[in-house]
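> What follows is a predicted protein model with its sequence.
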Amino acid sequence: MVAAQHITWTQPRQMLSSVSLGTMGVFLGYTIGAKLANPQAICIGIDGDGSFNMTFTELKTVAEQGIPIKMIILDNESQMMVEYWQRLFHGERYLAVRNTNPDYVKLAESFRIKSVYCDHAEDLEAKLREFLFEDPEEPVLFHCRVERTPCMPMVAPGKALDDMIHRDESFEVDPTAAPS
């Protein structure tokens, strides 16, 4: 969602996304597949910590096969899309929306994958350069701490794509439309 909102794509077929269809844990598979299909391309996967936690065991595949992908983990210790669904459509009954995460730097290093860590905005540019360019033929994981912010836009249950929720504000919701 973040990449779709903040990166300007200049060529067709440059981004793979589940486009907020509720699929979590697909980032590593998408990125691995993109790199295997386009070995000459720099393939960068961007994922939230909640989604990454579902399939980080695929780091083993990346390491064993030496797949030189670039992985960005945006870590806010939460599952913001899930939290917003529970807030808006399930009467603020929160369940499993705050994450207790592993140390992603140590996790990557346990697979002998280089990792870069950033938790200050003033360090971001230098850390991104290190992440992207210091080891172009090696997999690299970039663990980036971010603030908890609303996960927008989102599509309410039973609504069309042209009726997205774009801002965190009061609006009418039909609680009967939400899946149970």
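Cool, got the structure. Numbers count the residues shown, from 1 in each chain.

> now the strands for this structure?
44-48, 70-75, 114-118, 140-145 (DSSP state E).

> ok, so what distance separates the spatially most central residue of the chain from residue 162?
Nearest to the geometric centre of the chain sits residue 47, at 1.6 Å (C-alpha atoms, centre = their mean). Separation of residue 47 from residue 162 (C-beta to C-beta, to the nearest Å) stands at 27 Å. C-beta here means a position set from N, CA and C on the backbone, and glycine is covered the same way.

> Could you do residue 120 as well?
39 Å.

> Surely residue 73 touches residue 49?
Yes: look at residue 73 against residue 49 with C-beta atoms under 8 Å: they come within range, at 5.9 Å.

> May I have the beta-bridge partners of residue 71?
For residue 71, the beta-bridge partners under DSSP bridges are residue 45, residue 141.

> residues near it, how many?
28 (other C-beta atoms under 10 Å).

> which ones are touching it?
Contacts for residue 71 were tallied using C-beta atoms under 8 Å, 6 or more residues apart in numbering; they are 27-28, 31, 44-45, 47, 62, 139-142.

> likewise residue 35?
Neighbour list for residue 35: 41, 43, 67-69 [criterion: C-beta under 8 Å, 6+ apart].

> wait, which of the strands of the chain is closest to residue 104?
strand 140-145 (4.1 Å; C-beta to C-beta).

> Can you give the distance of that closest one from its chain's centre?
Relative to its chain's centre, strand 140-145 lies at 11 Å (C-alpha atoms, centre = their mean, to the nearest Å).

> re the thing from before, more neighbours: which of residue 73 and residue 49?
residue 73 (27 against 22).

> Quick check: pLDDT value at the more buried one.
Residue 73 carries a pLDDT value of 95.

> From residue 90, how far out is it?
As defined by C-beta to C-beta, residue 73 lies at a distance of 27 Å from residue 90.

> Residue 13 too?
Here residue 13 is placed at a distance of 37 Å from residue 90 (C-beta to C-beta).

> do the same with residue 141
On the measure of C-beta to C-beta, residue 141 and residue 90 end up 33 Å apart.

> Tell me which of these two has more neighbours.
In this view residue 141 and residue 90 are compared by other C-beta under 10 Å, and residue 141 has more residues nearby, 26 against 15.

> what's the spacing between that one and residue 108?
As defined by C-beta to C-beta, residue 141 lies at a distance of 4 Å from residue 108.

> what residues do the two have in common as contacts?
With C-beta under 8 Å, 6+ apart as the test, residue 141 and residue 108 both reach 59, 114-115.

> Do a quick rundown of the helices in this structure.
2-6, 27-37, 49-55, 59-65, 80-89, 104-110, 124-133 (DSSP state H).
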